[in-house]
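In: Fold the stuff below for me.
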Amino acid sequence: MAVTGSTFSTQIPLMEVENDTSTELTRHWVNPSPVLAMVLTVLGESVIQKALAQSTGGLLTPVCFSFGWVSYSLSSLKNSFGNGRLLPPPDYPVKVFDVESGRYRNNENWLIGRILRDHVSWISDFQPAESEIRIAVFEAKPLMDHPPPHFYNNMQHLVGIVVIVAQLMIAAIPAIQTQGHEWGILAITGFGTLLATAMGSLPQWRVEKIPKNRHSDRIFALTAGRGSRDVMIIKGEGCCLDLKELAILHSAGAVITRSMCIFQVLGWCLILISLASIRTYTWYLIAVGAIGWVHNIILADLKRGPKRRNLPLRLLNIVSTRNVMDGLMDLEKTHEGCGEALVSEFFPGKLCPDEEEWWKAERGERVNTKYHQKRMEAKDPELPPLISEHRLDVASGGHRPPKPKDFNADSTGNQEVSITVSPAPGAGSTSDSRSGSKMRNKGDNQSGLLRPMTAAEAKARRIQDSGRGNRTELLIPDLFEEFP
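Out: Presented below is the predicted three-dimensional model:
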């Protein structure tokens with residue numbers, strides 16, 4: 001018996017489609033599956049770790065409940081029994097030089113990497129990009145208000161509290177709408193916030209951020225090394241963190257840290273399991289995690305001044321040149337010993353004969369060397385001013401110091417400013433190693449390093465020609481009382 005195709009098709013009833021694609025999409029967009037929230041809690045552990053590293057040290061940590069905490073808890077447990085560290089690895093390469101000995105260490109501390117990274121970002125706001133090297137010289141300042149270590153509860157902590165309160169309010173909406181029946185999202189958010197706060201309050205965060213020696217008087221140089229254009233020189237002055245000690249990776253795992261990491265894994269696993277029971281109002285749960293996620297991302301990459309890292313600095317001066325060797329020489333003339341310690345890093349091979357002659361010459365005889373004469377005869381295009389008048393507020397952290405501290409009015413009403421002036425060719429060296437000192441000479445432009453100048457004169461002569469189109473900053477130190 002033959003069955004035709006048309007007869008066969010009429011004998012089978014068409015199935016009624018109850019759940020087509022559009023219906024399923026609508027259902028999931030109205031009320032997403034809790035699996036989505038479970039997956040998101042596993043992603044993004046690096047953001048959580050950097051956000052904690054950025055803000056921990058005190059009792060209150062503004063890191064919020066968000067996606068990524070489950071994977072971070074597992075990673076921190078592994079590290080606590082491995083290298084014993086809570087801080088993430090450095091995300092910016094740094095070599096830490098001891099200027100007096102000329103030796104350096106490759107940095108292994110996340111904190112030092114962030115100090116140089118934020119410095120590069122800060123100085124790039126007002127310094128021209130034409131230079132081959134930029135050397136900023138600082139001196140460490142004591143913390144006047146609080147003895148170190150002190151971790152500031154500033155605006156980022158206030159924002160963190162606001163975000164946490166907003167998360168709890170959003171999580172409470174389902175419970176309010178259902179008269180207390182849907183309390184699961186509020187419970188998960190509250191418990192997750194407690195876990196995040198407990199992790200940030202571990203004392204080991206302070207241990208990894210503060211070295212034992214907090215009153216170093218040595219001179220340190222921070223740079224990414226050969227090929228980079230930014231160098232920080234930090235004069236300890238007896239109140240600086242020992243950056244060379246801080247750069248070493250020590251195993252700091254403690255019993256309390258390991259116990260907390262175990263508790264964190266158990267707590268976040270409970271939250272992960274509890275997420276599977278949330279069947280309704282899941283958009284509120286995703287909103288809570290997303291708000292915390294955005295906050296933690298911003299917090300993880302936030303720029304902070306060294307004072308916020310227990311390293312307040314006062315800017316002395318800046319050297320910026322088109323030629324790296326010229327910059328190191330200008331640094332050596334202004335701050336003896338600092339430039340020589342960096343020569344082997346930026347020029348690892350054999351120096352040219354005229355360069356070697358300059359470095360071997362006595363300090364007062366260097367103006368008679370061939371290299372110095374070659375620099376003076378060069379006629380390269382000039383660099384633009386390092387710091388323009390309208391950017392002074394940026395360099396001083398947005399707070400211009402009181403005017404009486406900036407200027408001294410003479411009897412004619414002109415304003416006088418003490419600025420640093422490099423010796424003129426052939427004048428020899430009469431430099432004080434601290435260019436910000438208040439020494440004054442009444443001679444002409446070639447008589448010494450520091451002299452009173454009118455405000456108009458200071459603006460016109462903010463930079464000093466050092467040959468070859470290079471510029472060495474003639475900084476007004478009081479205008480830059482503190483690096484933000």
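In: pLDDT below threshold where in the stretch 101-250 of the chain?
Out: Segments of the stretch 101-250 of the chain classed as low confidence (criterion: pLDDT under 70) are 127-129, 144-154.
In: quick one: contacts of stretch 285-295?
Out: 32, 34, 36-37, 40-41, 44, 47, 62, 64-68, 159-160, 163, 166-167, 170-171, 185, 188-189, 275, 278 (C-beta atoms under 8 Å, 6 or more residues apart in numbering). Just so you know, the C-beta spots here come from the backbone N, C-alpha and C atoms, and that holds for glycine as well.
In: which of the residues in that stretch are buried?
Out: Within stretch 285-295, the residues scored as buried using 16 or more other C-beta atoms under 10 Å are 285, 286, 287, 288, 289, 291, 292, 293, 295.
In: pLDDT of that stretch, averaged?
Out: In this model, stretch 285-295 has a mean pLDDT of 91.
In: Kindly report the same for stretch 357-365.
Out: The average pLDDT within stretch 357-365 is 88.
In: ok so, going back, which of the buried residues of stretch 285-295 lies closest to residue 104?
Out: Closest to residue 104 out of the buried residues of stretch 285-295 is residue 295 (37.1 Å), distances taken as C-beta to C-beta.
In: Against residue 207, how distant is the closest one?
Out: 26 Å (C-beta to C-beta, to the nearest Å).
In: Against which helices or strands is the helix or strand hosting residue 53 packed?
Out: Assignment of secondary structure by DSSP states H and E places residue 53 within helix 45-55. Packing contacts for helix 45-55, counted by 3 or more C-beta pairs under 8 Å, 6 or more residues apart in numbering; DSSP states H and E, involve helix 69-80, helix 110-124, helix 155-177, helix 184-200, helix 282-300.
In: Show me what the third one is packed against.
Out: If I follow you right, that is helix 155-177. Using 3+ C-beta pairs under 8 Å, 6+ apart, helix 155-177 sits against helix 45-55, helix 184-200, helix 282-300.
In: what comes up buried for it?
Out: Across helix 155-177, burial judged by 16+ other C-beta under 10 Å covers 156, 157, 160, 163, 164, 166, 167, 170, 171, 172, 174, 175.
In: ok, now the fourth one?
Out: Burial within helix 184-200, assessed by neighbour count using 16+ other C-beta under 10 Å, is assigned to 184-186, 188-193, 195-197, 199-200.
In: can I get those in TSV with distance to residue 357?
Out: Output for those, formatted as TSV (distance: C-beta to C-beta, whole Å):
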residue	distance to residue 357
184	78
185	75
186	76
188	72
189	70
190	72
191	71
192	66
193	66
195	65
196	61
197	62
199	59
200	56
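In: Among these, which one sits closest to residue 309?
Out: Using C-beta to C-beta, residue 200 is the member of these that lies nearest residue 309, at 16.3 Å.
In: Now that closest one: closest residue in space, sequence neighbours ignored.
Out: Ranked by C-beta to C-beta, 6 or more residues apart in numbering and with sequence neighbours excluded, the top spatial neighbour of residue 200 is residue 61, at 2.6 Å.
In: what sits against the one you found?
Out: Neighbouring residues of residue 61 by C-beta under 8 Å, 6+ apart: 52, 55, 160, 196, 197, 199, 200, 201.
In: now do residue 355
Out: Going by C-beta under 8 Å, 6+ apart, residue 355 touches 325, 347, 371.
In: likewise residue 164?
Out: The neighbours of residue 164, taking C-beta under 8 Å, 6+ apart as the test, are 62, 64, 65, 193.
In: likewise residue 213?
Out: 241, 242, 245.
In: do residue 49 as well
Out: Taking C-beta under 8 Å, 6+ apart, one finds 72, 75, 76, 88 in contact with residue 49.
In: mind putting those in a markdown table, pLDDT and distance to residue 140 included?
Out: Putting those into a markdown table (pLDDT from 0 to 100; distance: C-beta to C-beta, whole Å) gives the following:
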| residue | pLDDT | distance to residue 140 |
| --- | --- | --- |
| 72 | 92 | 34 |
| 75 | 91 | 34 |
| 76 | 92 | 32 |
| 88 | 92 | 25 |
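In: separation between the spatially closest residue to residue 108 that is not a sequence neighbour and residue 88?
Out: Ranked by C-beta to C-beta, 6+ apart and with sequence neighbours excluded, the top spatial neighbour of residue 108 is residue 249, at 3.8 Å. Applying C-beta to C-beta, the value for residue 249 to residue 88 is 12 Å.
In: Who has more neighbours out of the two?
Out: Set side by side, residue 249 and residue 88 give different neighbour counts by other C-beta atoms under 10 Å, the larger being at residue 88 (19 against 16).
In: Was I right to think that one contacts residue 110?
Out: Yes - Residue 88 is in contact with residue 110 according to C-beta atoms under 8 Å; the separation is 5.2 Å.
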